[in-house]
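>>> Sharing a sequence plus its predicted fold:
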Amino acid sequence: MNHFQRRRGVLHAEDIPLDELARAYGTPLYVYSTATLTRHWKVLERSLRGMPHLLCYAVKANSNLAVLSLFARLGSGFDIVSAGELYRVLKAGGEPGKVVFSGVGKRDDEIAFALDQGVKVLDVESAEELGRVSVVARRLKRRAPIALRVNPAVDPKTHPYIATGLRESKFGVSVEEARRLYALAAGDPALQVKGVAMHIGSQITELGPFVDAIARVRGLVRDLAREGIHLAHLDVGGGLGIPYGGEEPPHPDVYGAAVKKALRGFDGEVLLEPGRVLVGNAGVLVTRVLYRKRNGRREFVVVDAGMNDLVRPALYGAQHAIEPVARPREDEIVADVVGPVCESSDFLAQRRRLPEVNGGELLCVRSAGAYGFAMSSSYNARPRAAEVLVDGDVARLARRRETFADLTRGEQASPPARRFGT
Ligand code: LLP
């Protein structure tokens with residue numbers, strides 16, 4: 001369920017027509033719905049009732065401060081993958097004690113920042129990283145709370161670029177290596193063994209891979225307990241998919257119930273790291289049609305949003321639903337919806353059946369709340385889009401559109417010279 005619906009033919013974000021937002025803030029424009037974000041968070045939260053749990057929203061999916069602040073007010077924890085994401089969480093009022101720090105390549109300064117701020121746990125992904133965390137913790141005279149990210153070697157059956165739990169992916173450590181590292185960590189006074197983490201991939205539309213992966217990690221948790229290493233939490237990661245078009249992923253209720261069932265008998269806390277399922281369908285990208293054109297037999301709708309604004313179609317072949325903001329016409333076209341960027345991969349859709357649209361009209365690209373703005377860039381010197389958060393009939397500019405001055409911030413045409421060596 002989301003709050004982008006038609007009223008009198010026109011697409012609205014909650015109570016505001018998208019064309020009015022486009023007029024007020026310009027295009028391309030990311031629009032998020034407060035009611036949808038809140039609802040998604042609460043549904044998932046409720047699905048875990050009866051078991052100690054913490055939702056740690058995966059900041060990378062959409063790191064706008066207004067979105068983070070909304071989740072923080074709901075009581076959310078956060079999953080971060082960089083010091084920059086921790087900075088954002090803190091700035092949005094998130095509690096560091098509810099932050100889990102994942103990621104395969106943490107630098108010393110990032111580890112130190114996280115320890116200084118008092119994050120809940122660092123999810124360690126290799127033997128060498130475990131060593132670095134220990135060194136940094138000793139330097140800071142702290143005990144670092146750690147979990148090992150285990151790679152359960154299951155196939156999540158998703159796009160290869162977003163599968164992370166395969167045996168040969170760069171993420172996590174094998175179950176066997178985890179056993180060895182837990183023993184090492186348990187004997188290290190600079191480390192505090194807190195839990196275990198996994199994350200097998202993203203946009204997963206079946207329960208099977210989650211259940212299999214949890215079963216494998218539970219086996220490890222039991223073995224460790226026999227050796228006297230008791231884990232306080234088990235982090236099942238994120239990855240639950242959303243319907244972009246034809247997919248039918250399990251409802252969050254069903255997913256939550258399956259997680260609980262797979263963890264029955266585990267008396268610790270369960271952590272979840274949902275990203276896409278919370279924000280994906282809570283956001284859209286509004287773009288204006290600039291031109292229509294035809295080259296040979298191929299029909300094009302040229303719009304003002306490019307791959308720099310939404311890279312998912314170009315990068316993963318993602319299929320985002322696209323529809324006119326105004327009441328759709330009866331006549332249909334089959335066209336490529338393309339942006340202004342000078343790359344052939346700059347498309348939002350290819351050979352897509354759409355209601356007839358003309359230059360000047362608005363299109364709405366759905367399910368753009370996750371990995372949309374967050375992955376955007378200013379490639380081709382295109383200032384990044386504005387982001388608006390709607391709540392009923394109130395809109396708030398959560399990020400102003402970038403200006404030309406933003407494009408060159410930090411640069412100098414004639415930088416001062418600095419000579420090295422002799
Ligand atoms: N936890 C960890 C450790 C992760 O690496 C990720 C996502 C998540 C949680 C959240 O996963 P989610 O619930 O959103 O599936 N840019 C790609 C998705 C990359 C996902 C990376 N990791 C896309 O646009 O499809």
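Great, that's in hand.
>>> The ligand versus Leu220, what's the distance?
When distance is defined by CB to the nearest ligand atom, to the nearest Å, Leu220 is 18 Å away from the ligand. To be clear about C-beta, it is placed using only N, CA and C from the backbone, and glycine gets the same treatment.
>>> Just say helix, strand or coil for that residue.
On the three-state scheme (DSSP: H, G, I helix; E, B strand; the rest coil), Leu220 is labelled helix.
>>> Let me see the contact set for it.
150, 175, 178-179, 196 (CB atoms under 8 Å, 6 or more residues apart in numbering).
>>> any chance of these in TSV, with pLDDT and distance to Gly93 too?
Listed next are the contacts of Leu220 as TSV, based on pLDDT from 0 to 100; distance: CB to CB, whole Å:
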residue	pLDDT	distance to Gly93
Val150	96	32
Val175	95	37
Ala178	97	34
Arg179	96	39
Val196	98	29
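>>> how about those residues, which pair is most distant?
Using CB to CB, these span at most 11.0 Å, a distance reached by Arg179 and Val196.
>>> Among these two, which residue is more densely surrounded?
Neighbour count, other CB atoms under 10 Å: between Arg179 and Val196, Val196 has more, with 26 against 18.
>>> Remind me what the strand or helix carrying the more buried one packs against, helices and strands.
Per DSSP states H and E: Val196 is located in strand 191-197. In this structure, strand 191-197 makes packing contacts with strand 121-124, helix 127-140, strand 144-149, helix 175-186, helix 208-226, strand 233-235, strand 269-272, judged by 3 or more CB pairs under 8 Å, 6 or more residues apart in numbering; DSSP states H and E.
>>> so which of those gets nearest His3?
That would be strand 269-272 among the helices and strands packed on strand 191-197, by CB to CB, at 23.2 Å.
>>> which residues in this structure form helices?
Here the chain has its helices, by DSSP state H, at 18-25, 34-47, 65-74, 83-91, 108-117, 127-140, 175-186, 208-226, 252-262, 276-279, 312-316, 404-407.
>>> What average pLDDT does the last one get?
Confidence for helix 404-407, expressed as mean pLDDT, is 98.
>>> And for the longest one?
When pLDDT is averaged over helix 208-226, the result is 96.
>>> Find the nearest non-adjacent residue to the residue nearest the centre of the chain, please.
Compute the mean C-alpha point of the chain, and by CA atoms, centre = their mean the closest residue is Ala61, 1.9 Å away. Of all residues not flanking Ala61 in the chain, Gly275 sits nearest, at 3.2 Å (CB to CB, 6 or more residues apart in numbering).
>>> doesn't Ala370 make contact with the one you found?
Yes. Look at Gly275 against Ala370 with CB atoms under 8 Å: they come within range, at 6.0 Å.
>>> between the two, what contacts are shared?
With CB under 8 Å, 6+ apart as the test, Gly275 and Ala370 both reach 61-62.
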